[in-house]
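> build the 3D model from these lines:
(3 chains)
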Amino acid sequence: MIALLARDLKLALRAGGGFGLGLAFFLIVIVLVPLGVGPEGALLSRIAPGILWVAALLACLLSLDRIFALDYEDGSLDLLATAPIPLEGVVTMKALAHWLTTGLPLVLASPVLGLLMNLPAAGYGWLVLSLALGTPALSVIGTFGAALTVGLKRGGLLLSLLVLPLYVPTLIFGAEVVKRGAVGQAVETPLLLMAGITAGAAALLPFASAGALRINLR
Amino acid sequence: MWADIQLGKYEVTVLSAYAACLVLIAALIVFTLVKGRRVRRELDEVEARQGRNRRET
Amino acid sequence: MSIWKYANPVLFMKTSGGILRVLVPVTAVLMVTGLMWGFFFTPPEMKQGSTVKIIFLHVPTAMLGINAWLMMLVASLIWLIRRHHVSALAAKAAAPVGATMTLAALITGAIWGEPMWGTWWAWDPRLTSFLILFLFYLGYMALWEAIDDPDTAADLTSVLCLVGSVFAILSRYAVNFWNQGLHQGPSLTIAQKQHVADAYWYPLMISIGGFLCFFVVMVLLRTRTEIRARRLKALLARERMA
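Residues are numbered from 1 along each chain as shown, chains lettered A, B, ... in the order given. Next up, the predicted model:
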């Protein structure tokens, strides 16, 4: 399974696309928002938590259809499904690889983008922490969506329609953490709830994803 | 009966709510029936063509 | 013999045909009575004026919007566990009906909210979670449309329905946490009907009953169509083989 993870990471790095693309998309959205709503610092810092989280969400979405697509096309997914490791494990590793190549860079880049959005100083720590705890859930849920749509020709658009509603709880709690943190309120409740969603999703969704994959490969 | 009803200043509100809802329901009924008819007709055609395989459905 | 015998498509067609013959007139009578009573013969309420008449549309559609999803969840579980095709097709048939009901509840709510709250739309927890529910319906229907093989489609949409249900509930609580609402609490509970005056209670009950029957009629009709479509597909496939 470690070998699988290493292979996925290597592929993502070599193909180039997935790795940098999400990050660049994140940056572009954050640059576009002030252009759209105007440069006033007070307004920007008020909407910063929400915009940063929505942008992270969309950046995650962008690379989801690549999780299984390449392996499905060249047939290695069939090999993985018949390999002696459980498919649930394969799915978990796929999600982890997606997070390492998409979620983690977003987490690391977020303070810089917070700067662009005029995020109040107290918010930076909570922004990084909430993204670090929340983006794994996005990857795991996204893997489920990718598993559902793996065989479809025009899966990309459908994938967004399926996955985005599932992102709602994570988005609400994540943005709430940053919003409260930025103005110095207590953040424990939304933070713990979000961490709970991430933990629950990571524990249970791989079974659903593996089930969906088995159905698709039948 | 029509003369009795007084909707007062909210006349437009109430009427538009009823109209919107009835339109939606009517659309649902029409789509359901049209698709039902079409499938049924096509099925009848195919069954008639394949006569010997006919089965009750 | 048990209820599982209705999983047999032939028997289902026969039984549902019989039920429909009775239920269609009942539905028509109940809906017309409930809505006519509600529209023509209820007094304006003290605070809301005549907008109270919208309740006879809003409450039944909202109840069905949620309960249609529940029905789909149960049908999906039955399909996943017992592999009865009728069950999967019933879930497929219910989705557009549920989506229409959800949309009707949203629209009637918005129209009512405009004079009462002074706004068409507020990001109130109940409104927001209904909008999210509508998105779930769209995703579910889109997945059905996208997959060619009927059994694969049934399996995948069932899995989506299960996972979606969990996340719909999560969203409901997340949204509650996110914003305190304008929407009044539930005015209908089985234990106490005192919240609603008798003058509105009886037509409302009739209207709810009518919409419920309407839902059953629609789901049965659509399931019958789906079963026929499945048979049509099978016959055409056989024709191509021959």
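> ok now the longest helix seen in chain C, how far from the chain's centre?
Assignment by DSSP state H gives helix C:198-241 as the longest helix of chain C. Its chain's C-alpha centre and that of helix C:198-241 lie 11 Å apart, by Cα atoms, centre = their mean, to the nearest Å.
> hmm, it in reach of chain B?
Yes: using Cβ under 8 Å from any Cβ of the partner chain, helix C:198-241 reaches chain B at C:214, C:218, C:221-222, C:224-225, C:227-229, C:231-232, C:235-236, C:238-239. Every C-beta, even on glycine, is put in place using the N, C-alpha and C of the backbone.
> ok, and which of these reach chain A?
Okay, of these, nothing touches chain A (Cβ under 8 Å from any Cβ).
> out of the residues you listed, which are buried?
The neighbour count (16 or more other Cβ atoms under 10 Å in any protein chain shown) marks C:F214, C:M218, C:L221, C:R222, C:R224, C:T225, C:I227, C:R228, C:A229, C:R231, C:L232, C:L235 as buried among the residues of helix C:198-241 next to chain B.
> residues near the closest residue to A:A182 other than its chain neighbours, how many?
When the adjacent residues along the chain are set aside, A:A182 lies closest to A:G123, with 3.3 Å between them (Cβ to Cβ, 6 or more residues apart in numbering or on different chains). Neighbours of A:G123 under the rule other Cβ atoms under 10 Å in any protein chain shown: 25.
> again, but for the one 3 residues further on
Close neighbours of A:W126, defined as other Cβ under 10 Å, add up to 21.
> from chain C, how far off is it?
Distance, A:W126 to chain C, by Cβ to the nearest Cβ, to the nearest Å: 16 Å.
> my guess is C:F136 contacts C:A168, does it?
Yes: using Cβ atoms under 8 Å, C:F136 is in contact with C:A168, at 5.8 Å.
> need the residues touching each of the two.
C:W69 (Cβ atoms under 8 Å, 6 or more residues apart in numbering or on different chains).
> which of those two has more residues huddled nearby?
Ranked by neighbour count (other Cβ under 10 Å), C:F136 and C:A168 place C:F136 first, with 27 against 22.
> flag every buried residue along the helix or strand harbouring the more buried one.
Assessed by DSSP states H and E, C:F136 sits inside helix C:125-146. By neighbour count on 16+ other Cβ under 10 Å, the buried set for helix C:125-146 is C:125-141, C:143-144, C:146.
> again with stretch C:198-212
C:Y200, C:P203, C:L204, C:M205, C:I206, C:S207, C:I208, C:G209, C:G210, C:F211, C:L212.
> do the same with stretch A:205-218
Buried residues in stretch A:205-218, counted by 16+ other Cβ under 10 Å: A:L205, A:P206, A:F207, A:A208, A:S209, A:A210, A:G211, A:A212, A:L213, A:I215, A:N216, A:L217.
> before we move on, what about stretch C:84-92?
Buried residues in stretch C:84-92, counted by 16+ other Cβ under 10 Å: C:H84, C:H85, C:V86, C:S87, C:A88, C:L89, C:A90, C:A91, C:K92.
> ok so, going back, reformat the buried residues of stretch C:198-212 as TSV; add distance to chain A and pLDDT.
Below are the buried residues of stretch C:198-212 laid out as TSV (distance: Cβ to the nearest Cβ, whole Å; pLDDT from 0 to 100):
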residue	distance to chain A	pLDDT
C:Y200	34	79
C:P203	35	86
C:L204	31	87
C:M205	33	88
C:I206	34	90
C:S207	30	91
C:I208	28	91
C:G209	31	92
C:G210	30	93
C:F211	25	93
C:L212	26	93
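> which pair in those residues spans the largest distance?
C:Y200 and C:L212 (18.0 Å; Cβ to Cβ).
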